[in-house]
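**Student:** Provided below for reference: sequence and predicted model.
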Amino acid sequence: MNFELGDHVLVLDEDLSGVIKEINNQTVTIETGDGFLLNFQTNELVKSEKNQKLKTALFSKTSIDAVVAEKEQTKRRHQVKKRAKDRYEPTLEVDLHINQLVKSSRGMANHDMLNLQLDTARRQLDFAISKRIQKVVFIHGVGQGVLKMELEYLFGRYSNVKYYDANYQKYGLGATEVYIYQNAPSN
């Protein structure tokens, strides 16, 4: 807003008004009705008519009652609806790609990498069982299928677990979904 010397202004955050006596960049000096000289930034002031009050200057185009009524309207909460299919999506995903488990696999033998991946899978499966998480997806990638076979062997040792290929659209061929029966005794 452009101010000029002699303009009558209102101060936004205070019940003050006055006439502009000096403008220095963004700082404006006003003289109040009591004769005090006060400095304000231009963004703290609103130009007004001589005896106009702050609320009528701010809401000159809209009645204050309309603004208050708008603020008091209760907004209905919009609840996001989940599709039935999405409600049963797995709640835990475990990425067993070696680059997700260690910073660098340099110097690690294939056997060491496989053992780390299997230990991680076992730990996460035990965690899911203890926390009563019903579905877990293990992302193992396609590769030569060694990790997938070892995972199937691991899952087969649990009596309360059923496993199958995970959702192809979401994971492709490189993932196995594990369903954990919650009321069966665990190993």
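**Tutor:** Noted; the coordinates are in hand.

**Student:** CA atoms for contacts and neighbours, from now on please.
**Tutor:** Fine.

**Student:** Where does the residue of the chain most remote from its centre sit: helix, strand or coil?
**Tutor:** Going by C-alpha atoms, centre = their mean, the residue of the chain most distant from its centre is G35, 51.8 Å out. Following DSSP: H, G, I helix; E, B strand; the rest coil, the label given to G35 is coil.

**Student:** partners of the longest strand that the chain contains, with directions?
**Tutor:** Ranked by residue count, the top strand of the chain under DSSP state E comes out as strand 17-24. Strand pairing for strand 17-24, using DSSP bridges, gives strand 8-11 (antiparallel), strand 27-32 (antiparallel).

**Student:** contacting residues around it?
**Tutor:** Contacts with strand 17-24, where a contact means C-alpha atoms under 8 Å, 6 or more residues apart in numbering, come from 4-11, 28-33.

**Student:** distance between stretch 11-20 and the chain's centre?
**Tutor:** Distance of stretch 11-20 from the chain centroid (C-alpha atoms, centre = their mean, to the nearest Å) equals 40 Å.

**Student:** which parts of it are buried?
**Tutor:** Across stretch 11-20, burial judged by 16 or more other C-alpha atoms under 10 Å covers V11, L16, S17, G18, V19, I20.
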